[in-house]
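K.L.:
prediction below, plus the sequence it came from.
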Amino acid sequence: MKFPQKWISKIAACTAALLLGTAAAVQHYMLSLPDHFYTDANRPPAAATLLPVTFVRSTPALPQGGEAELRLFGLIPVKKVSLTTVSAAEVYLGGEPFGIKMLMAGVMVISLNGVPGLAGDVCPAKEAGIRTGDIIQAVNGQRIGSNADLQAAVESSGGSTVAVSYQRGDSLETAAVSPVFSPVTKRWQTGMWVRDSTAGIGTVTYYMRNSAGQVSFAGLGHAVCDADTGEPIPLASGDVIAVSVNDIISGRAGEPGELRGRFEPGRSIGRLLANTPSGIFGTLDALPAEAKRIPLGFRQDITRGEALIYTTIDGTAPQAFTAEIEEIRGNDASLRDLVIRVTDPALLEAAGGIVQGMSGSPIVQNGRMIGAVTHVFVRDPTRGYGIFAEHMYAQTAALADAVPEEHLAAAFRPAS
């Protein structure tokens, strides 16, 4: 049977379109999906999907992970990815508010201004190359741990040039700064305004108990940053303070809202260990009495659609509020892995959506904790970003004894 030429042309065109569409889809998933995944030892990757991409096989099947192949519709190869196998991961669900008081490792330069009483904009620190956001570590070899330390070191120079050691990013630099005398303050000054501590409120994402019975926690889902410079604060030491939420400033377009809480004087309930891009981590004196265990969900467990956000908008007890996962990003270096939208009428009425202080609120989908709220969209407080729970869990594992020994043995060892 001979097919009409126009049918052949249509079939050829459809076939070409299908091939082009498939190639585009493969290219899209190859670039958008990460090259590494965590997977539960009790749930092999073959049981997980990233619809329409599927984990088809894992080779070899090593205790610490191995390699998996991703295929479009289970047939068309997309790429190979490395796996890290985690011993059946469970955590205690958070959602409670907590207060933080942090002392910096050094002092952070928050502004550079002309020395009072001198003609022109005379700022010795700026002239020496120091910038806002730099962390002053030492003056003439003397360690600086507070604003008072810096003032004393400069004052004792008597106007002589001092060697100021400071950290900028990952590098340690030294600048020669020549203080000038201010006729207004009657002191030798460099023009630096610095900060040595900070305080605030956040939300706990999860708790864990290690083999020694110690309780660790993770919260915020992002680093604590300085309010003026936006730079992450280097942590020297810090306390976790008991907090009770007593007010909400509702968010609206262009004006982020805020949880307001009352710090309970003298009630330090834990210690801070690390301030990292994936959150703040520490230990607590006790596990909340109502904390419940929940399995950890990984990148491949997450789907677009309904989810729950656990957060506290009054007192100290978290509540579950409905939300929707609108976008799964997952290859974002900024750790803004999810786009979420609040749908719960009660939370929208009380807070307008996501507000400051909710950072760290755990996100649960299909009975698994899959992430945490991190940021609000300033122009639309009903929407915000979230981080994958696996990123926070990996950081917990990196803090040595903050997780059970069986997890440390193989859980987060890089796949070879």
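P.N.:
Here it is on my side, so go on. Numbers count the residues shown, from 1 in each chain.
K.L.:
list the contacts for Ser178?
P.N.:
124, 128, 159-162 (CB atoms under 8 Å, 6 or more residues apart in numbering). Backbone N, C-alpha and C define where each C-beta goes, glycine included.
K.L.:
alpha carbons of stretch 229-248, as PDB, please.
P.N.:
Extracted C-alpha coordinates of stretch 229-248, given in PDB (Å, rounded to 0.1, in the frame of the first residue of the first chain):
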ATOM      1  CA  THR A 229      26.100  44.600  55.800                       C
ATOM      2  CA  GLY A 230      24.100  41.500  54.900                       C
ATOM      3  CA  GLU A 231      27.200  39.400  55.500                       C
ATOM      4  CA  PRO A 232      27.100  36.100  57.500                       C
ATOM      5  CA  ILE A 233      28.200  36.600  61.100                       C
ATOM      6  CA  PRO A 234      31.200  34.600  62.200                       C
ATOM      7  CA  LEU A 235      30.200  32.800  65.400                       C
ATOM      8  CA  ALA A 236      32.500  32.800  68.400                       C
ATOM      9  CA  SER A 237      29.900  31.700  70.900                       C
ATOM     10  CA  GLY A 238      26.200  32.000  71.500                       C
ATOM     11  CA  ASP A 239      23.200  31.000  73.600                       C
ATOM     12  CA  VAL A 240      19.800  29.600  72.700                       C
ATOM     13  CA  ILE A 241      17.100  31.500  74.700                       C
ATOM     14  CA  ALA A 242      13.600  30.500  75.500                       C
ATOM     15  CA  VAL A 243      11.100  32.600  73.500                       C
ATOM     16  CA  SER A 244       7.300  33.000  73.500                       C
ATOM     17  CA  VAL A 245       5.700  34.600  70.400                       C
ATOM     18  CA  ASN A 246       3.300  37.400  71.600                       C
ATOM     19  CA  ASP A 247       2.700  39.500  68.500                       C
ATOM     20  CA  ILE A 248       2.700  39.400  64.700                       C
END
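K.L.:
tell me the buried residues within the contacts of Ser178.
P.N.:
The neighbour count (16 or more other CB atoms under 10 Å) marks 124, 128, 162 as buried among the contacts of Ser178.
K.L.:
show me where the stretch 1-150 of the chain has strands.
P.N.:
36-40, 49-50, 53-62, 65-72, 76-86, 90-93, 97-112, 135-139, 142-143 (DSSP state E, counting those that start in this stretch).
K.L.:
what's the closest of those to Glu324?
P.N.:
strand 49-50 (18.6 Å; CB to CB).
K.L.:
show the average pLDDT along that closest one.
P.N.:
Confidence over strand 49-50 (mean pLDDT, whole number) is 63.
K.L.:
over to stretch 219-236?
P.N.:
Rounded mean pLDDT across stretch 219-236 is 85.
K.L.:
endpoints of that stretch, how far apart?
P.N.:
18 Å (CA to CA, to the nearest Å).
K.L.:
now do the buried residues in it.
P.N.:
Buried, per 16+ other CB under 10 Å, within stretch 219-236: 219-224, 226, 229, 231-235.
K.L.:
and those, which is closest to Ile309?
P.N.:
Out of those, the member with the shortest distance to Ile309 (by CB to CB) is Gly221, at 12.0 Å.
K.L.:
quick check, that closest one in a strand?
P.N.:
No - using DSSP: H, G, I helix; E, B strand; the rest coil, the assignment for Gly221 is coil, not a strand.
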